[in-house]
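Participant: build the 3D model from these lines:
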Amino acid sequence: MTGEKLTVGVLLSNSTILPMAKNFNTGLKQGLTGLDVEIVQEFIGQGSKEQAETAINKLFNFDNSDIITGIVSNKVGCELSEKFAKYRRPFIINNIGEHLPDPSLYNDYTFLNSVHTWQQVWSMGSWGVKTFGKKGMFVSGVYDSGYSFPIMLQKGSEAAGADVAMPFAIAPMKQYKGLADVESVIPHILEFKPDFILATFCGEEASIFLAEYVKHGLHKSTPLLGLPFLLESFDARGEKIDVYTTLSSYREISEEDIDHLCNIAADPFKQFGYETGLIIKEAVSKSGGQTLQRALSETAVNTERGKLEIRPHESGNDSRVFLIKNSFSGSKDEISRGIIGELETIGINSKVIADINSLPSSGWVNPYLGI
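Facilitator: Have a look, this model is predicted:
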């Protein structure tokens, strides 16, 4: 450290969906309680590499930060990892796992805290095919489709059996920076008649999609899978709708855990901040004569999600994926939940992941919800 007081630089991304920057910062301060620390915040807009790098340069060269953390995507985190090796100071990345991490692009100074959504989508694809049939469908807006969700759904489905069909229906943008034309996906669903759907809408677009899903009677014929961000309030027309989502945990979960853990999953950024604070505090207490980077590599803390380690080369290897059935009639504050069971999943060292990471790819670099 550069002095007795620890200086923590924080990269905060903007979101019109959730107050993720504010929530992360709140959680981080709670996790760091009791540690003599100065927190320096830098806002990085939608979280591009250029915005993040500019902020990092300031945090190192002007603020002399001992460690940097915050919300950035795996794409941006990987591209900036060499900068942290150059300065010999650690970087704790936090995100929901909208992009696959690439272990080959990380180094000893980069760490990752995530709920590994790429892993959860693979599990839902595999379970969907085994449970409902080989004709799945990916339904999304243009923005939400620019991550690893489609490829992980495809790979999970293929792992469950041969001859699977996984077409997609993507809602185009109505206007620049406006909502997607969510209603436009419904005719494609009605035409294809899939055995199940995975939808990745969030915010107001999720509310519109759920209302249209019920309006056209699809809730009676077509099982719906989604990320926790799909569970928005909507016009249910007096009908009940079931949505299957997943939970990432490092421990066994029980029925008593569901509501609390599902609430965390729907807005995980305060939890990310809190966990990061706990890890930093624990590493400082254990550092002794060694560097903070070395102490972080040997640190694990017990959290509500279980024993949490943040070495990126082990990303998701110890996490478990549980399937949750959510039943509600329009209000996201009144949802009945139950555990279906633990799902088969996939780790970061899988050949499937290595093959995907070896291919050229395009898409958004900002974190999911970072708009």
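
Participant: how much space between the nearest residue to residue 112 once chain neighbours are set aside and residue 62?
Facilitator: In space, and not counting its chain neighbours, residue 112 is closest to residue 312: 4.2 Å by C-beta to C-beta, 6 or more residues apart in numbering. (C-beta placed from N, C-alpha, C; glycine too.) Note on residue 312: its distance to residue 62, by C-beta to C-beta, to the nearest Å, is 27 Å.

Participant: who's more crowded, those two?
Facilitator: residue 312 (24 against 9; other C-beta atoms under 10 Å).

Participant: who's in contact with the most centrally placed residue in the chain?
Facilitator: When C-alpha atoms, centre = their mean is applied to the chain, the residue found nearest the centroid is residue 96 (1.6 Å). Counting by C-beta atoms under 8 Å, 6 or more residues apart in numbering, residue 96 makes contact with 114-115, 117, 268, 367-369.

Participant: mind redoing it with 10 Å?
Facilitator: 20, 71, 73, 114-118, 120, 147, 227-229, 248, 265, 268-269, 272, 367-369 (C-beta atoms under 10 Å, 6 or more residues apart in numbering).

Participant: for residue 236, same thing?
Facilitator: Shown in contact with residue 236 (C-beta under 10 Å, 6+ apart): 210-211, 213-215, 219, 328-331.

Participant: buried subset of those residues as a PyMOL selection?
Facilitator: A single PyMOL command selects the buried members of the contacts of residue 236 (16 or more other C-beta atoms under 10 Å):
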select buried, resi 210+211+213+214+215+219+328+330
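
Participant: filter the contacts of residue 236 down to the ones in strands?
Facilitator: Under the assignment DSSP state E, these contribute residue 328 to strands.

Participant: the contacts of residue 236 into JSON lines, with extra columns for distance to residue 321 and pLDDT?
Facilitator: Below are these laid out as JSON lines (distance: C-beta to C-beta, whole Å; pLDDT from 0 to 100):
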{"residue": "210", "distance to residue 321": "23", "pLDDT": "98"}
{"residue": "211", "distance to residue 321": "29", "pLDDT": "97"}
{"residue": "213", "distance to residue 321": "24", "pLDDT": "97"}
{"residue": "214", "distance to residue 321": "27", "pLDDT": "97"}
{"residue": "215", "distance to residue 321": "31", "pLDDT": "97"}
{"residue": "219", "distance to residue 321": "24", "pLDDT": "97"}
{"residue": "328", "distance to residue 321": "22", "pLDDT": "97"}
{"residue": "329", "distance to residue 321": "27", "pLDDT": "96"}
{"residue": "330", "distance to residue 321": "28", "pLDDT": "96"}
{"residue": "331", "distance to residue 321": "27", "pLDDT": "96"}
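
Participant: out of the contacts of residue 236, which is nearest to residue 299?
Facilitator: residue 328 (39.0 Å; C-beta to C-beta).

Participant: so that closest one touches residue 210, yeah?
Facilitator: Yes - counting by C-beta atoms under 10 Å, residue 210 is a contact partner of residue 328 at 9.4 Å.

Participant: mutual contacts of the two, please.
Facilitator: Residues touching both residue 328 and residue 210 (C-beta under 10 Å, 6+ apart) are 231, 233-234, 236, 241, 243.

Participant: and residue 355, which of the three is it?
Facilitator: What DSSP: H, G, I helix; E, B strand; the rest coil gives for residue 355 is helix.

Participant: ok, now which ones touch it?
Facilitator: Applying C-beta under 10 Å, 6+ apart to residue 355 gives the contacts residue 155.

Participant: quick check: it vs residue 155, distance?
Facilitator: To residue 155, residue 355 is 9 Å away according to C-beta to C-beta.

Participant: who's in contact with the closest residue to residue 332 other than its chain neighbours?
Facilitator: Leaving aside its sequence neighbours, residue 332 sits nearest to residue 233 (C-beta to C-beta, 6+ apart; 4.8 Å). Applying C-beta under 10 Å, 6+ apart, we find residue 233 in contact with 206-207, 210-211, 328, 330-334.

Participant: for residue 195, state which of those is nearest.
Facilitator: For the contacts of residue 233, the nearest to residue 195 is residue 210 (19.4 Å; C-beta to C-beta).

Participant: residue 158 touches residue 128, doesn't it?
Facilitator: No - using C-beta under 10 Å as the test, residue 158 is too far from residue 128 to be in contact (11.9 Å).

Participant: more crowded one of those two?
Facilitator: Shown here are residue 158 and residue 128; by other C-beta under 10 Å, residue 128 has more neighbours (28 against 16).

Participant: per-residue pLDDT, the more buried one?
Facilitator: Looking at residue 128, its pLDDT stands at 97.

Participant: residue 1 now?
Facilitator: 49.

Participant: check contacts around residue 259.
Facilitator: 335-337.

Participant: filter those residues down to the buried ones.
Facilitator: By 16+ other C-beta under 10 Å, the contacts of residue 259 give 335, 337 as buried.
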